[in-house]
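Asker: Need the 3D shape of this:
(chains A and B)
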Protein chains: 2
Amino acid sequence: MSSIEMIVAARARLQGRARRTPLLSSPFLDEIAGRRVLVKAECLQHTGSFKFRGGWSAVSGLDPEIRARGVIAFSSGNHAQGVALAAKLHGVDSVIIMPSDAPRLKIDNTRAVGAEVVLYDRKTQDRDAIGAGIAAERGLTLIRPFDEPFVIAGQGTVGLELAEQAQDEGVNAADVLVPCGGGGLSSGIALALEAVAPGFRVRTCEPEDFDDTARSLASGKVERNAALSGSICDAIVTPEPGKLTLPILQRLAGAGIALSEEHVLQAMALAFKRLKLVIEPGGAVALAAALFHGHALDGDAVIAVASGGNVDTQMFATALARFG
Amino acid sequence: MSSIEMIVAARARLQGRARRTPLLSSPFLDEIAGRRVLVKAECLQHTGSFKFRGGWSAVSGLDPEIRARGVIAFSSGNHAQGVALAAKLHGVDSVIIMPSDAPRLKIDNTRAVGAEVVLYDRKTQDRDAIGAGIAAERGLTLIRPFDEPFVIAGQGTVGLELAEQAQDEGVNAADVLVPCGGGGLSSGIALALEAVAPGFRVRTCEPEDFDDTARSLASGKVERNAALSGSICDAIVTPEPGKLTLPILQRLAGAGIALSEEHVLQAMALAFKRLKLVIEPGGAVALAAALFHGHALDGDAVIAVASGGNVDTQMFATALARFG
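Answerer: Predicted coordinates:
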């Protein structure tokens, strides 16, 4: 089965389950960017991020007997909620392994969508050993956050949708800016666009100092981040690009773009004001690139994926106070 | 031409112009309300409110020769931007008469979407005389904000959409909560639902102490508001119900609901957290009713229209600080 066949099959499984999120725009943003800016509002997806697509794609793609035993995932964030909701809607158990110092809200939200949350101490306990033990004992299937073909295929459905929606707006060639952590969303979108909209090209977007993918794309080998904390864009900080995802991006994506925190917060404030959308910092890097890195882009139009909206009140208030 | 024929014709004129805004939901909101809550996110409409629909419907419904001379409107808010953008997209002039003490941002936004803004002094000048003079001199057509059949028909397209979207979700009977100022949106939706979804019933929502429509529906005669300022819900404060709209609401709507500012701000904070939407106070009264006035509602599901998102940063920050 080819990549695009897997993405089309994922779309069929997601039909009536995932939201077809709108492609939004504002003449005020066009003016700042100096070109048309189309924003794929995936922050409006179930659980507040695109991760529900990959979670549903993976859980729905399991053999029913295997699925019935339940699933397990490691995540302190959006992937946890995506997998948990997908499992709940399939009527199967999910176990999410989270660090005990994860934000209370994320722990509560993950429980609220039906998961059994198992906490571990980052300093004294081995996450993988805990997960492996529970998975073996209960026969759970691990759902990886990005290095997993069914997950990549699920995220790729964002690419099918935005290509159709952009073409409806008369846009047939554009850079497609995608927030990038492990690269599941960007590689899935790149595979979809390769098949259905070859005039569109993915550009990965990351925070400055956590731009492992941009540096890996530039050097041609796997580059790691020096640190794993200290970014406001927590949702898209990973140690290094994925093993499945980086080769896809090397083949299909343009140069990566790294964004300052100033520009990320400013993009959040502009999304509030001009699009009436709540975007989290990690989900706003692509809009920031569209608005403030125009010199790095080609063409009369640009498409930015707003990948998630799970931001806490304090961080959002900070963006508004500084740039609202 | 019947009301529903006018609404269907308005939908045809709005095709490809207005956004088909999504119908959103969150299990967290369902839990607060004790029933399913579906939110029609009209804050994502062009210009940040449903008013673009009525503006486009009215401008596009004019005879081309009359339209070519331009249009005029009185508004300090959402109607101004809706009419101005509709005129701009038709390539005709618009003049918007605004008080000189209107918020700078609204004046700037109205100019930015192409209108000629004429300011007047509320204390010393007669708005209607100024408007009439300009209109007569230049042959402009006045676009009223709600007491105008083409405007009501345009707002009614929200009703056609939400009925289809709710039925796709398996909801065939519900109270439909609608923010109500002059009643253009609520009466338009009521006429649409009467024709296509008779299991749905409109309920008007207003701020406490500015609930002229609720009191008029209760007493059977036109009741006025005691004051015209002092509400955070500035977008939906009018002196009294419309002459065309009140009879429609008397025939089709249930009892009106009045909301406290506390509940409105709390609904805004919950829309931020659970829906990733920015809703202005006047646009949040219906969601507030869905969440906090369940005793006044019937049925297993409720539909709330989030009618606009044009809130200033300070007001939004206040909602988050108090209830985020």
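
Asker: from here on, contacts and neighbour counts on C-alpha atoms
Answerer: Will do.

Asker: The lengthiest strand in chain A pairs with which strands, and in what direction?
Answerer: Across chain A, the longest stretch assigned as strand under DSSP state E is strand A:200-207. Take DSSP bridges as the rule and strand A:200-207 pairs in its sheet with strand A:174-179 (parallel), strand A:257-259 (parallel).

Asker: looking at these, which is buried most?
Answerer: Highest mean neighbour count among those (mean count of other CA atoms under 10 Å in any protein chain shown): strand A:174-179, with a mean of 28.

Asker: list the helices and strands whatever helix or strand comes next after that strand packs on?
Answerer: Per DSSP states H and E, strand A:174-179 leads on to helix A:184-196 as the next helix or strand towards the C-terminus. Under the contact definition 3 or more CA pairs under 8 Å, 6 or more residues apart in numbering or on different chains; DSSP states H and E, helix A:184-196 sits against helix A:3-14, helix A:149-168, strand A:174-179, strand A:200-207, helix A:245-252.

Asker: Name the residues of helix A:184-196 that are buried.
Answerer: Of the residues in helix A:184-196, A:184-194 count as buried by neighbour count, 16 or more other CA atoms under 10 Å in any protein chain shown.

Asker: next one: stretch A:93-112
Answerer: Buried-residue list, stretch A:93-112, by 16+ other CA under 10 Å: A:93-99, A:106-107, A:109-111.

Asker: Tell me which of those fall in strands.
Answerer: Checking these against DSSP E, those in strands are A:94-99.

Asker: Serialize those to TSV and add fields for pLDDT.
Answerer: Shown next, in TSV, are those (pLDDT from 0 to 100):
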residue	pLDDT
A:94	97
A:95	97
A:96	96
A:97	95
A:98	92
A:99	88
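
Asker: Going by distance to chain B, which of these wins?
Answerer: Using CA to the nearest CA, residue A:94 comes nearest to chain B of those, at 17.7 Å.

Asker: chain center to stretch A:158-173, what's the gap?
Answerer: Chain-centre distance of stretch A:158-173: 19 Å, with CA atoms, centre = their mean, to the nearest Å.

Asker: Would you indicate which residues of it are buried?
Answerer: Neighbour-count burial for stretch A:158-173 flags A:158-163, A:165-166, A:171, A:173 (criterion: 16+ other CA under 10 Å).

Asker: ditto for stretch A:259-267
Answerer: Using 16+ other CA under 10 Å as the test for burial, stretch A:259-267 gives A:259-261, A:263-267.

Asker: from those, which ones fall inside helices?
Answerer: A:261, A:263-267 (DSSP state H).

Asker: quick one: least confident helix or strand in chain A?
Answerer: Lowest on mean pLDDT, DSSP states H and E among the helices and strands of chain A sits helix A:104-112, with a mean of 86.

Asker: Can you pull out the residues in contact with it?
Answerer: The contact list for helix A:104-112 (CA atoms under 8 Å, 6 or more residues apart in numbering or on different chains) reads A:76-77, A:80-81, A:84, A:98, A:117.

Asker: go again using 10 Å as the cut-off
Answerer: For helix A:104-112, contacts defined as CA atoms under 10 Å, 6 or more residues apart in numbering or on different chains pick out A:47, A:75-85, A:94-96, A:98-101, A:115-119, A:310, A:312, B:27-28.

Asker: how much does it deviate in direction from strand A:94-99?
Answerer: Per axes from the mean of the first three to the mean of the last three CA atoms, to 10 degrees, the angle that helix A:104-112 makes with strand A:94-99 is 170 degrees.

Asker: how far is helix A:104-112 from where the chain is centred?
Answerer: Centre-to-centre, helix A:104-112 and its host chain are 19 Å apart (CA atoms, centre = their mean).

Asker: which element follows that helix toward the C-terminus?
Answerer: strand A:116-120.

Asker: Those residues of the stretch 1-150 of chain A touching chain B, which are they?
Answerer: A:16, A:19-28, A:41, A:43-49, A:109, A:112-113 (CA under 10 Å from any CA of the partner chain).

Asker: Swap in 7 Å and give it another go.
Answerer: The stretch 1-150 of chain A has residues A:43-44 near chain B, with proximity defined as CA under 7 Å from any CA of the partner chain.

Asker: ok so, going back, with mean pLDDT as added columns, please give the helices and strands packed on helix A:184-196 in JSON lines.
Answerer: Output for these, formatted as JSON lines (pLDDT from 0 to 100):
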{"stretch": "helix A:3-14", "mean pLDDT": "98"}
{"stretch": "helix A:149-168", "mean pLDDT": "98"}
{"stretch": "strand A:174-179", "mean pLDDT": "98"}
{"stretch": "strand A:200-207", "mean pLDDT": "98"}
{"stretch": "helix A:245-252", "mean pLDDT": "98"}
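
Asker: For residue B:243, find the nearest of these.
Answerer: With CA to CA, the closest approach to residue B:243 among these belongs to helix A:149-168: 39.9 Å.

Asker: Quickly check the buried residues of stretch A:93-112 for the two that are furthest apart.
Answerer: It's A:93 and A:99 that sit farthest apart of the buried residues of stretch A:93-112, by CA to CA, at 19.7 Å.

Asker: Residue A:254 falls within a strand, correct?
Answerer: No - in this structure, residue A:254 is coil, not part of a strand, as judged by DSSP: H, G, I helix; E, B strand; the rest coil.

Asker: tell me which element residue A:209 falls in.
Answerer: Here residue A:209 is assigned to no helix or strand, by DSSP H and E.

Asker: next one: residue A:55
Answerer: Using DSSP H and E, the secondary-structure element containing residue A:55 is helix A:51-61.

Asker: Now do the domain split for chain A, please.
Answerer: According to automatic domain parsing, chain A comprises the domains A:3-50+A:148-323, A:52-142.

Asker: from those domains, which stretch is densest packed?
Answerer: domain A:3-50+A:148-323 (a mean of 22).

Asker: what's the first-to-last distance across that domain?
Answerer: Using CA to CA, to the nearest Å, one end of domain A:3-50+A:148-323 lies 41 Å from the other.

Asker: sorry, back to before: kindly calculate the angle that the next helix or strand after the longest strand of chain A makes with helix A:245-252.
Answerer: Counting by DSSP H and E, the next helix or strand C-terminal to strand A:200-207 is helix A:212-219. In terms of direction (the same axes, to 10 degrees), helix A:212-219 departs from helix A:245-252 by 50 degrees.

Asker: Average pLDDT for helix A:212-219, rounded please.
Answerer: For helix A:212-219, mean pLDDT is 98.

Asker: Contacts for that helix, please.
Answerer: For helix A:212-219, the external contacting residues (CA atoms under 7 Å, 6 or more residues apart in numbering or on different chains) are A:222-225, A:240-241, A:250, A:255-257.

Asker: quick check, nearest of the residues you listed to chain B?
Answerer: Nearest to chain B among the contacts of helix A:212-219, counting by CA to the nearest CA, is residue A:257 at 25.6 Å.

Asker: Model confidence for the residue located most distally from the centre of chain A, exactly?
Answerer: Here the centre of chain A is the reference, and by CA atoms, centre = their mean the most remote residue is residue A:137, at 30.7 Å. On pLDDT, residue A:137 comes in at 94.

Asker: That one is in what secondary structure piece?
Answerer: Here residue A:137 is assigned to helix A:127-138, by DSSP H and E.
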